[in-house]
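Novice: no sequence on this one, just coordinates:
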C-alpha cells in the first residue's frame, strides 16, 4: 500500500492530460523486447514502423523502414522521419553480425493499463 501511495503522490501533481500523455509515451513508443532474426536475403519484409537493430562489427544501429535485399541491409535511422529517403543507410550483408526486431508484448500493454488505473480521477 505504501508503494501505491508513493506512486500516486507525484502523479497527483500532474494534470490528467499530462499523466495520460506521459504513459502513452512510456508504454507505446518503445518495444518491450527484442528478438533475433536470421540475416538472409529471403528475410520477410519489415513493417515500415518496425524498429530493427542492425549489429555490425560490435556497433548497433537502430533503424526503421528497414529492408534486406540480396547483398545488403538498409534502413532509416530511428530518430529520423520515415519519409527521409536521403537519410537511408546501408550495410553489406557480409558485415552484418545479427539483426534484432523490436516487438510489443502484452507485458508493456498491461503496465500501461495498470498505471492508468493509478491516475487520480478528479482534477
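Specialist: Cool, the structure landed. The shown structure was predicted, so the numbers you read here are calculated from the model rather than taken from an experiment. Numbers count the residues shown, from 1 in each chain.

Novice: let me know the helix or strand that the spatially closest residue to residue 37 that is not a sequence neighbour is in.
Specialist: Among residues not flanking residue 37 along the chain, residue 99 sits closest, at 5.0 Å (CB to CB, 6 or more residues apart in numbering). Heads up, the C-betas are built off the backbone N, CA and C, glycines and all. Using DSSP states H and E, residue 99 maps to strand 98-103.

Novice: so what are the sheet partners of that strand and their directions?
Specialist: strand 33-37 (antiparallel), strand 52-56 (antiparallel) (DSSP bridges).

Novice: report all helices and strands that the lengthiest strand in the chain contacts.
Specialist: Across the chain, the longest stretch assigned as strand under DSSP state E is strand 59-68. If you count contacts as 3 or more CB pairs under 8 Å, 6 or more residues apart in numbering; DSSP states H and E, strand 59-68 packs onto strand 52-56, strand 72-77, strand 89-92.

Novice: what angle separates the strand holding residue 99 from strand 59-68?
Specialist: Orientation check (axes from the mean of the first three to the mean of the last three CA atoms, to 10 degrees): strand 98-103 against strand 59-68 gives 80 degrees.

Novice: list the buried residues for strand 98-103?
Specialist: 99-102 (16 or more other CB atoms under 10 Å).

Novice: hmm, who's touching the longest strand of the chain?
Specialist: 39-41, 43, 45-46, 48-54, 73-78, 82, 88-89, 91, 93, 99 (CB atoms under 8 Å, 6 or more residues apart in numbering).

Novice: now those: which count as buried?
Specialist: Among these, those scoring as buried are 39, 43, 46, 50-54, 73, 75-76, 78, 91, 99 (criterion: 16+ other CB under 10 Å).

Novice: which residues touch the strand holding residue 99?
Specialist: In contact with strand 98-103 (CB under 8 Å, 6+ apart) are residues 30-39, 43, 46, 50-55, 68, 73.

Novice: can I take it that residue 94 is in a helix?
Specialist: Yes - the assignment for residue 94 is a helix, going by DSSP: H, G, I helix; E, B strand; the rest coil.

Novice: count the neighbours of it for me.
Specialist: Neighbour count of residue 94, defined by other CB atoms under 10 Å: 9.

Novice: and it, what does it touch?
Specialist: Residue 94 touches nothing, counting by CB under 8 Å, 6+ apart.
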